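Asker: Take a look and give me a structure for this.
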Amino acid sequence: MAIYETNDGRRFESESGAMSHQGAIDSYEASKSKAAGVAQWERDKIKAQKLLGNGDYDGALSFLNTCIKFDSKNANFYLLRGKAYYMKGEYKNAIADLTILINSKGYMMDFFRRDTYIARSYAYTALNEYDKSIADCNEALNLVPNFTYEAYLARGIAYEAKGNMQQAISDYKAAVASDPEQKEAKKRLKALGGGFLSSIFGKKSSSTKPVKGKITFVNFFQIILGIACGVLIAFLAGWTGNGLRPDLAPTIARILFIPFMIAGTVLFLIARSNGNKILLFLLIVLSIGGGIVLKEPPFPFSFTKSNSPAEQTSDADETTATVLYRVNFRSTPSTSGNIIKTLNEGETLIVTGNTENNWTPVKHDNDYGYVSAEYISIEQLITDH
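Answerer: You can find the predicted model right below:
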């Protein structure tokens, strides 16, 4: 055992008697310098944390960079810097720091590693890399089966951003069940509607852990959009049916309307809930087509019946006409009008008004419409009251 004295009068002991006097002093001075450095980065870390809380992310990053230069293996530094990068909006840099932590071979408690996965999942979500975000949340849930609120919340946010509302609602429910005191999951769950019509559109959750009370999300606004989509698609189907089989129009359009409306509505809601963008895009295109045919006859239904002159005439002053040649019976006085049916030669019609622009308003059975005056022979003139 040797006792040495430094230049400032301090004494210390060394177990190595072979160490020179100057070597012992140098060793002491190095340890003192290291201790001073530790004290400095502790102060820098505290300053960085305060700056983070105040929203000064550049200032926090400056101190944290200094800390990491001093100790590049300190996990807390990387976690804080990753947070600073995330808050600043530099998500790729945040992911890089958090990945260093996740991939480190040093000892890290499962709780700390879980929180790192969750933090990285938020960064992935911000970059629209939802599958990677969900994968990180799954890892977090596997690491710590208990205290899963944050993992379920983060995964629910990723699913919501991805457009998979069904899985989002399931994870928010799981988050609330995990920690009922937390408000964020409850707020998001309320905003999404709480799983309306879940019994109709139920689906098994892809969660890595069992989630009690799985439900599916379809909110009221989506239902309205779905019905509108279904109606427009039904109009398009009716318009197409009338065009393909004018001899059956408008009966074929009326037959197709209800099933196509239901199918369009259900498919829209399923596509929206599952985030199926291809199906959603196809349905929107078909809906636009349905909107176009509302302006381009033939319509699946006649909208002119209530305005027909037939309602203003009585049986006492009926005028009849005979079909001379096979002719289309239309809802409007135009060749682009909806074909209600096709009339055959010899059929009898009731004339309900005066001929204008070569179109005669007529009644056939219980249908009102127009035929070309060239294809009929009027047998009586309409009498005045």
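Asker: burial of residue 347, as a residue count?
Answerer: 15 (other C-beta atoms under 10 Å). (Each C-beta comes from the backbone N, C-alpha and C, glycine too.)
Asker: do residue 269 as well
Answerer: By the criterion of other C-beta under 10 Å, residue 269 has 23 neighbours.
Asker: shouldn't it be in contact with residue 222?
Answerer: Yes: counting by C-beta atoms under 8 Å, residue 269 does reach residue 222; the two are 6.3 Å apart.
Asker: Wait, a strand at residue 342?
Answerer: Yes: counting by DSSP: H, G, I helix; E, B strand; the rest coil, one finds residue 342 located in a strand.
Asker: That one bridge partners, please.
Answerer: Beta bridges link residue 342 to residue 328 when assigned by DSSP bridges.
Asker: If I look at it, what pLDDT would I see?
Answerer: At residue 342, the model reports a pLDDT of 91.
Asker: Torsion angles phi and psi at the spatially most central residue of the chain?
Answerer: For the chain, the residue nearest the mean C-alpha position is residue 163 (2.5 Å; C-alpha atoms, centre = their mean). Phi and psi for residue 163, reported as degrees, to the nearest 10, are phi 100, psi 0.
Asker: Hmm, residue 272 and it touching each other?
Answerer: Yes: if you go by C-beta under 8 Å, residue 163 and residue 272 touch, sitting 7.2 Å apart.
Asker: What ranges in the stretch 151-300 of the chain fall below the confidence cut-off?
Answerer: The model of the stretch 151-300 of the chain has pLDDT under 70 over residues 193-221, 246-247, 249, 273-275, 295-300.
Asker: can you do 80?
Answerer: Low-confidence segments of the stretch 151-300 of the chain (pLDDT under 80): 192-222, 242-253, 271-277, 293-300.
Asker: What segments of the stretch 251-385 of the chain are strands?
Answerer: 319-323, 327-330, 339-343, 348-351, 359-364, 367-372, 376-378 (DSSP state E, counting those that start in this stretch).
Asker: Rebuild those as a markdown table, extending it with distance to residue 127.
Answerer: Formatted as a markdown table, the strands of the stretch 251-385 of the chain follow (distance: least, C-beta to C-beta, whole Å):
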| stretch | distance to residue 127 |
| --- | --- |
| strand 319-323 | 69 |
| strand 327-330 | 57 |
| strand 339-343 | 55 |
| strand 348-351 | 69 |
| strand 359-364 | 63 |
| strand 367-372 | 59 |
| strand 376-378 | 70 |
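Asker: Figure out which of those is closest to residue 251.
Answerer: strand 339-343 (7.9 Å; C-beta to C-beta).
Asker: Could you tell me which residues within the closest one count as buried?
Answerer: Neighbour counts over strand 339-343 (16 or more other C-beta atoms under 10 Å) mark 339, 340, 341, 343 as buried.
Asker: Pull the most distant pair out of those residues.
Answerer: Based on C-beta to C-beta, the longest span within the buried residues of strand 339-343 runs between 339 and 343 and measures 10.5 Å.
Asker: Quick check: neighbours shared by these two?
Answerer: By C-beta atoms under 8 Å, 6 or more residues apart in numbering, residue 339 and residue 343 have these common neighbours: 328, 329.
Asker: Going along the chain, name the helices of the stretch 51-200 of the chain.
Answerer: Applying DSSP state H, counting those that start in this stretch to the stretch 51-200 of the chain gives helices spanning 57-70, 75-88, 91-103, 110-126, 130-143, 149-162, 165-178, 184-192.
Asker: Minimum distance to residue 238: which of these has it?
Answerer: Short answer: helix 165-178, nearest of these by C-beta to C-beta, at 30.9 Å.
Asker: For residue 85, give its distance to residue 113.
Answerer: For residue 85, the distance to residue 113 equals 19 Å [C-beta to C-beta, to the nearest Å].
Asker: Residue 223 now?
Answerer: 42 Å.
Asker: got it, and residue 373?
Answerer: Going from residue 373 to residue 113 by C-beta to C-beta gives 86 Å.
Asker: Right, I'll call it a day here.
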